[in-house]
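S.K.: let's see this in three dimensions:
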Amino acid sequence: MPGKQLDYKSIIGLDSELNRIQDVDLLLERILLEARKVVHADAGSIYVKETIKVKGEALDRLAIRYAQNDTLQARLPSGNKLPFSTFSVPINEKGQSGYCALTKKLLNVPDVYNIPPDVPYSYSDAYDKMSGYKTVSALTFPLVTADDQLLGVIQMLNAKDEKGHTVPFTQEDEFVITHFATNATIALQRAYINRAMILRMIKMAELRDPKETGTHVNRVAGYAVEIYDRWAFRHGIPEKERDRFKDDFKIASMLHDVGKVAISDIILKKPSRFTPEEFLIMQHHTLYGAGLFDDLQSSLERLARDIALTHHENWDGTGYPGWVDQVTQRPLKTAMDGKALGRKGEEIPLVGRIVAIADVYDALCSKRVYKEPWTEDQVLEELQHLAGVKFDPELMEIFFEIYPSLKEIQKRYPETS
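M.R.: Numbers count the residues shown, from 1 in each chain. Down below sits the predicted model:
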């Protein structure tokens, strides 16, 4: 197939492309997409190895991170993402993904409904029945590091020939995908190191503020990227530009409250609501956070500064810190009472407006020392009420459009206690 040969040659270029992606989640999604392209797979899923504790015992499982399906995607309105449920599967011989993870070997099944009886794994048709999608061929391969550590598993479904017919995956597909997996694993290792460094910074903030947890920042960043992606689609931002922006935005969003490291423990760890005086001091974390990025070296740092500074501004101008000099902390624009005038509307950078929604949504859903988590109905009602007041009304409209995707992110990063 001439088309396939072109895809194979493009793998060389993909290596450098994948290494430019900094965020783990965005990289996983891109790895799955590119893997499907090189073998012309109609659908696929990518899993990562995770360790959970059951009755004090550590168990390794495969947790799904992304699923893609061109046939089902084509049935959705333009701009909508294919929904999928967050789940994990055991690493054992019973399923194809688990078997692949257990053996760390590639598995090529020409027809999942006609698996030889002498192999230990089988195929569950539950998803096919639920979705109305018929799976035939499957190519499952591991992501294994040079020192034999399993990072995850990718499963490709339904290879397509030049006429669009479903065919088995070939030996050539196996060869090419093995090469691809090696380089994808290297890129993934680098991204994991990058995320670990960011989470260490978050851990410093968590030592000061118990609310600033790794799961919280992962959720907020995940929500923020999903909201931006739909906004960018609405506004006709080219896909490549969106992808580059999301990569920086995801990491920058995780650092939204890093300025809290400069706030006193007496305030941060207070087991009740702040007094007006304490709240005024707390507001300075936006300036301290922005100050960490005063010597801008990259677009990521610029986004991190803008988010740290403006994610507590309100659409109607009642937020903080407002128009303040970051160095002297003196007002640049003043209200009638002499205090700094708040930024309002589109004076607030888009990234600040997005993270404001993501941060408040997560806070309302989470337990705090001074409150229990709100019910889902209470949260959604409150956010709807704040559209056009605290939040950008267009972004709130987008929030409700993509709400199912946000719920899946919430499930992916549950509270650990």
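S.K.: mind listing what's buried along stretch 377-389?
M.R.: Neighbour-count burial for stretch 377-389 flags 379-380, 383, 386-387 (criterion: 16 or more other C-beta atoms under 10 Å). Backbone N, C-alpha and C define where each C-beta goes, glycine included.
S.K.: same deal with stretch 45-52?
M.R.: Buried, per 16+ other C-beta under 10 Å, within stretch 45-52: 45-49.
S.K.: what about it, distance to the chain center?
M.R.: 15 Å (C-alpha atoms, centre = their mean, to the nearest Å).
S.K.: restricted to helices, list the buried residues of stretch 45-52.
M.R.: Counting by DSSP state H, none of the members of these fall within helices.
S.K.: and those residues, which two are furthest apart?
M.R.: Using C-beta to C-beta, the two most remote members of the buried residues of stretch 45-52 are Ser45 and Lys49, lying 14.0 Å apart.
S.K.: closest to Asp15 among the buried residues of stretch 45-52?
M.R.: Looking across the buried residues of stretch 45-52 and measuring by C-beta to C-beta, the closest to Asp15 is Ile46, at 17.8 Å.
S.K.: I'd like the average pLDDT over stretch 97-114.
M.R.: The average pLDDT for stretch 97-114 rounds to 97.
S.K.: likewise for stretch 221-238?
M.R.: Regarding stretch 221-238, the rounded mean pLDDT is 96.
S.K.: before we move on, back to that, want to throw the buried residues of stretch 45-52 into CSV with distance to Val327 and pLDDT?
M.R.: Output for those, formatted as CSV (distance: C-beta to C-beta, whole Å; pLDDT from 0 to 100):
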residue, distance to Val327, pLDDT
Ser45, 49, 96
Ile46, 45, 96
Tyr47, 48, 97
Val48, 43, 96
Lys49, 46, 95
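S.K.: now render those as CSV, adding distance to Arg368.
M.R.: Below are the buried residues of stretch 45-52 laid out as CSV (distance: C-beta to C-beta, whole Å):
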residue, distance to Arg368
Ser45, 35
Ile46, 34
Tyr47, 33
Val48, 30
Lys49, 32
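S.K.: out of the buried residues of stretch 377-389, which comes closest to Ala74?
M.R.: Nearest member of the buried residues of stretch 377-389 to Ala74, counting by C-beta to C-beta, is Leu380, at 30.1 Å.
S.K.: Val153 sits in which helix or strand?
M.R.: Val153 belongs to strand 150-160 when assigned by DSSP states H and E.
S.K.: got the domain ranges for this protein?
M.R.: Listed by automatic domain parsing, the domain ranges of the chain are 2-192, 209-412.
S.K.: list the buried residues in the strand holding Val153.
M.R.: 150-160.
S.K.: what's that strand packed up against?
M.R.: Packing contacts for strand 150-160, counted by 3 or more C-beta pairs under 8 Å, 6 or more residues apart in numbering; DSSP states H and E, involve helix 24-38, strand 41-54, strand 57-69, helix 96-103, strand 138-144, strand 166-167, helix 171-208.
S.K.: so what pLDDT did the nearest residue to Val136 once chain neighbours are set aside get?
M.R.: Nearest non-adjacent residue to Val136, counting by C-beta to C-beta, 6 or more residues apart in numbering: Thr166, 4.8 Å away. If you check Thr166, the pLDDT there is 96.
S.K.: and the gap between Thr166 and Ala232?
M.R.: For Thr166, the distance to Ala232 equals 33 Å [C-beta to C-beta, to the nearest Å].
S.K.: same drill for these two, tell me which one is more crowded.
M.R.: Higher neighbour count among Thr166 and Ala232: Ala232, with 19 against 16, using other C-beta atoms under 10 Å.
S.K.: make CSV out of the domains of the chain and add distance to Ile202.
M.R.: Formatted as CSV, the domains of the chain follow (distance: least, C-beta to C-beta, whole Å):
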stretch, distance to Ile202
domain 2-192, 14
domain 209-412, 5
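S.K.: between the helix or strand that Ala224 is a member of and helix 171-208, what angle do the directions make?
M.R.: According to DSSP H and E, Ala224 maps onto helix 214-234. Inter-element angle recorded for helix 214-234 and helix 171-208: 120 degrees (by axes from the mean of the first three to the mean of the last three C-alpha atoms, to 10 degrees).
S.K.: other SSEs contacting helix 214-234?
M.R.: helix 171-208, helix 239-254, helix 350-365, helix 393-401, helix 403-412.
S.K.: just checking, what packs against the fourth one?
M.R.: In terms of contact count using 3+ C-beta pairs under 8 Å, 6+ apart, helix 393-401 is assigned the packing partners helix 214-234, helix 350-365, helix 376-386.
S.K.: make TSV from those helices and add distance to Thr86 to it.
M.R.: Shown next, in TSV, are the helices and strands packed on helix 393-401 (distance: least, C-beta to C-beta, whole Å):
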stretch	distance to Thr86
helix 214-234	12
helix 350-365	16
helix 376-386	17
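S.K.: out of the ones you listed, nearest to Ile281?
M.R.: Closest among those, using C-beta to C-beta: helix 350-365, at 19.0 Å.
S.K.: mind listing what Asn92 touches?
M.R.: 98-99, 102 (C-beta atoms under 8 Å, 6 or more residues apart in numbering).
S.K.: closest one of the residues you listed to Ser137?
M.R.: Closest to Ser137, out of all of these and judged by C-beta to C-beta, is Tyr99, at 16.4 Å.
S.K.: for the stretch 301-417 of the chain, what are the low-confidence residue spans?
M.R.: 369-370, 416-417 (pLDDT under 70).
S.K.: low-confidence stretches in the stretch 101-250 of the chain?
M.R.: 205-206, 208-213.
S.K.: for the residue most central in space within the chain, give its distance to Leu386.
M.R.: The residue lying closest to the centre of the chain (C-alpha atoms, centre = their mean) is Gly222, at 4.0 Å. In this view, Gly222 and Leu386 are 21 Å apart by C-beta to C-beta.
S.K.: and for Leu280?
M.R.: 22 Å.
S.K.: again with Val220
M.R.: Distance from Val220 to Leu386, by C-beta to C-beta: 17 Å.
S.K.: same question, Ile281
M.R.: 25 Å.
S.K.: same question for Lys371.
M.R.: Taken as C-beta to C-beta, the span from Lys371 to Leu386 is 17 Å.
S.K.: ok, now Val144?
M.R.: 47 Å.
S.K.: repeat that for Phe293.
M.R.: 28 Å.
S.K.: to Leu199, which of the domains of the chain lies closest?
M.R.: Closest among the domains of the chain, once you apply C-beta to C-beta, is domain 209-412, at 5.2 Å.
S.K.: ok so, going back, which of the helices and strands packed on strand 150-160 is buried the deepest?
M.R.: Each of these was scored by mean neighbour count; the highest is strand 138-144, a mean of 24, by mean count of other C-beta atoms under 10 Å.
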